[in-house]
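Undergrad: build me a model from this:
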Amino acid sequence: MREVFLAFLSLGMRSFGGPIAHLSYFRAAFVERRRWVDDATFGEIVALCSFLPGPTSSQVGMLLGTLRAGAGGAFAAWLGFTLPSAILMTLVATGLPLARSTWWIHLLLLVAVAVVADAILTMARTLTPDLLRGALALVCAALVLALPGTVGQLAVLGLGALAGLAFLRREAEAPAPLAFPLSRGTAASVLVLFALVAVALWVFARLSPDVALAAAFFRAGSLVFGGGHVVLPLLSASFVPGWLDETRFLAGYGAAQAMPGPLFTFAAYLGALAAIGPGGALGAIVGTCAIFAPSFFLIFGVVPFWREIRANVLAAAAIRGLGAAVVGLLLGAFVNPILPNAIHDWIDALLALAVFGFVRVRRELVRRRTNTTNA
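TA: Numbering: from 1, shown residues only. Reported below is the predicted structural model:
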């Protein structure tokens, strides 16, 4: 566990660039240098974690830690990879003078515009490669704009899954073997516990502001399909405007782009500033733990059943539809609230375009480096 923690702590302090870049760092560290797993196993881990809701790169780290050091290794990997950016985001919320500066907040809003636009284009290329899924994404974007809030988002995800089942079936890929130190009986118990925790948080959220805060993060962590950027609209539905004003919410999201490690540490910022819950450092801890908790349940609960899920045509079809839906979900968030809050004049538009160009160039450099590493 100590070896796993230190390895991921090093990555958590220098892994900039988002999930795709993180996977490149992981492959170099754990396939090439340390040889914890081979390329085939690493590829299967990435496929599994791309299937699950939640932060893909963090889940890949959890699974690598589990294969190396058991269940405790999953926690050690998560803690090492998450801790640096969670601390930095807490400082942005509570300790750094720039966090309360108007010009700095506006700059972060412009960063958010560029990053979300880049995420939409990148995800659309992968998740909506044909006319049918492109149209589904546009319908989902319109639906989430017409029905703001959690209800609209759940409706979009449901529509995506149903559309996938109806129109996107095809032969499933043959799964590669993946050893895992948990029985199916234990995994089934973990999934039952996951459902019980979700229900309990929903029920008791009405009685305690602390539980309501944890429930909002837990729900978001359970529903993020298609990449960490989708957490933006999911959390916005819970926090804005009741628990945090929209400007500071989007500024925190912009700040999260500049941090190493997982984007989900945005939860530390929100937990520290939210109008409910303990606030400060304790609120940051609640937010960070609650948003990542579903990933632990899903990793331990799904992996023993992975071969059957991977080979199931219906499951694969639903996931394809969900992929298109999350593109629409993110597009809806881009139209409202991101653009109206960030772009006020032509100078803002030019600055956002400049940041967008920088983000696209950086992504291309990461892609070329990944291709070189794999070759």
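Undergrad: skip ahead from the lengthiest helix in the chain and say which helix or strand is next.
TA: Identified as the longest helix of the chain according to DSSP state H is helix 56-94. Using DSSP states H and E, the helix or strand that follows helix 56-94 in sequence is helix 102-127.
Undergrad: now for that next one, which elements pack on it?
TA: Contact here means 3 or more C-beta pairs under 8 Å, 6 or more residues apart in numbering; DSSP states H and E; on that basis helix 102-127 packs against helix 131-146, helix 246-257, helix 313-333, helix 339-342, helix 346-374. Where C-beta positions appear, they are placed from N, C-alpha and C, glycine not excepted.
Undergrad: how about the fourth one: buried residues?
TA: Think helix 339-342. Buried residues in helix 339-342, counted by 16 or more other C-beta atoms under 10 Å: 339, 341, 342.
Undergrad: can you check stretch 282-298 too?
TA: Buried, per 16+ other C-beta under 10 Å, within stretch 282-298: 283-298.
Undergrad: before we move on, what about stretch 36-47?
TA: Under the neighbour-count criterion of 16+ other C-beta under 10 Å, stretch 36-47 has 36, 37, 41, 42, 44, 45, 46 buried.
Undergrad: list the buried residues in the longest helix of the chain.
TA: Result for helix 56-94 [16+ other C-beta under 10 Å]: buried residues 56-69, 71, 73-94.
Undergrad: so what's residue 220 up against?
TA: With contacts defined as C-beta atoms under 8 Å, 6 or more residues apart in numbering, residue 220 is in contact with 231, 234, 235, 238, 267, 291.
Undergrad: if I look at residue 57, how far off is residue 261?
TA: Here residue 57 is placed at a distance of 9 Å from residue 261 (C-beta to C-beta, to the nearest Å).
Undergrad: before we move on, back to that, of the helices and strands packed on helix 102-127, which approaches residue 199 most closely?
TA: With C-beta to C-beta as the measure, helix 313-333 is the member of those nearest residue 199 (22.2 Å).
Undergrad: average pLDDT for that closest one?
TA: Averaging pLDDT along helix 313-333 gives 80.
Undergrad: tilt between it and helix 102-127?
TA: Note on geometry: by axes from the mean of the first three to the mean of the last three C-alpha atoms, to 10 degrees, helix 313-333 and helix 102-127 are set 150 degrees apart in direction.
Undergrad: packing partners of helix 313-333?
TA: helix 102-127, helix 131-146, helix 150-167, helix 231-239.
Undergrad: tell me the angle of the shortest one relative to helix 246-257?
TA: Using the same axes, to 10 degrees, the inter-axis angle of helix 231-239 relative to helix 246-257 is 150 degrees.
Undergrad: which stretches of the stretch 101-250 of the chain have low pLDDT?
TA: The stretch 101-250 of the chain contains residues with pLDDT under 70 at 101-105, 108, 149-150, 171-179, 226-228.
Undergrad: would you turn the helices and strands packed on helix 102-127 into JSON lines with distance to residue 4?
TA: Shown next, in JSON lines, are the helices and strands packed on helix 102-127 (distance: least, C-beta to C-beta, whole Å):
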{"stretch": "helix 131-146", "distance to residue 4": "38"}
{"stretch": "helix 246-257", "distance to residue 4": "25"}
{"stretch": "helix 313-333", "distance to residue 4": "29"}
{"stretch": "helix 339-342", "distance to residue 4": "39"}
{"stretch": "helix 346-374", "distance to residue 4": "22"}
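Undergrad: out of these, which comes closest to residue 114?
TA: Closest to residue 114 of the helices and strands packed on helix 102-127 is helix 346-374 (C-beta to C-beta; 3.8 Å).
Undergrad: quick one: mean pLDDT for that closest one?
TA: Per-residue scores along helix 346-374 average to 77.
Undergrad: stretch 266-276 too?
TA: Averaging pLDDT along stretch 266-276 yields 92.
Undergrad: quick revisit: of the helices and strands packed on helix 102-127, which is nearest residue 124?
TA: Nearest of the helices and strands packed on helix 102-127 (C-beta to C-beta): helix 313-333, 5.2 Å.
Undergrad: compute the inter-axis angle for the closest one and helix 131-146.
TA: 50 degrees.
Undergrad: okay, buried residues for helix 313-333 please.
TA: By neighbour count on 16+ other C-beta under 10 Å, the buried set for helix 313-333 is 315-333.
Undergrad: cool, stretch 270-280 as well?
TA: Going by neighbour count (16+ other C-beta under 10 Å), the buried part of stretch 270-280 is 270, 271, 272, 273, 274, 276, 277, 278, 279.
Undergrad: who's in contact with residue 305?
TA: Here residue 305 is in contact with 184, 187 (criterion: C-beta under 8 Å, 6+ apart).
Undergrad: switch the cut-off to 10 Å
TA: Applying C-beta atoms under 10 Å, 6 or more residues apart in numbering, we find residue 305 in contact with 184, 187, 188, 191, 312.
Undergrad: how close does residue 353 get to residue 251?
TA: Distance, residue 353 to residue 251, by C-beta to C-beta: 19 Å.
Undergrad: who has more neighbours out of those two?
TA: Taking other C-beta atoms under 10 Å, residue 353 and residue 251 do not tie; residue 251 has more neighbours (26 against 14).
Undergrad: the more buried one and residue 341: what is the separation?
TA: Using C-beta to C-beta, residue 251 is found at 9 Å from residue 341.
Undergrad: can you give me the pLDDT of residue 62?
TA: Listed pLDDT for residue 62 reads 95.
Undergrad: before we move on, what about the one 3 residues further on?
TA: Turning to residue 65, the model gives it a pLDDT of 94.
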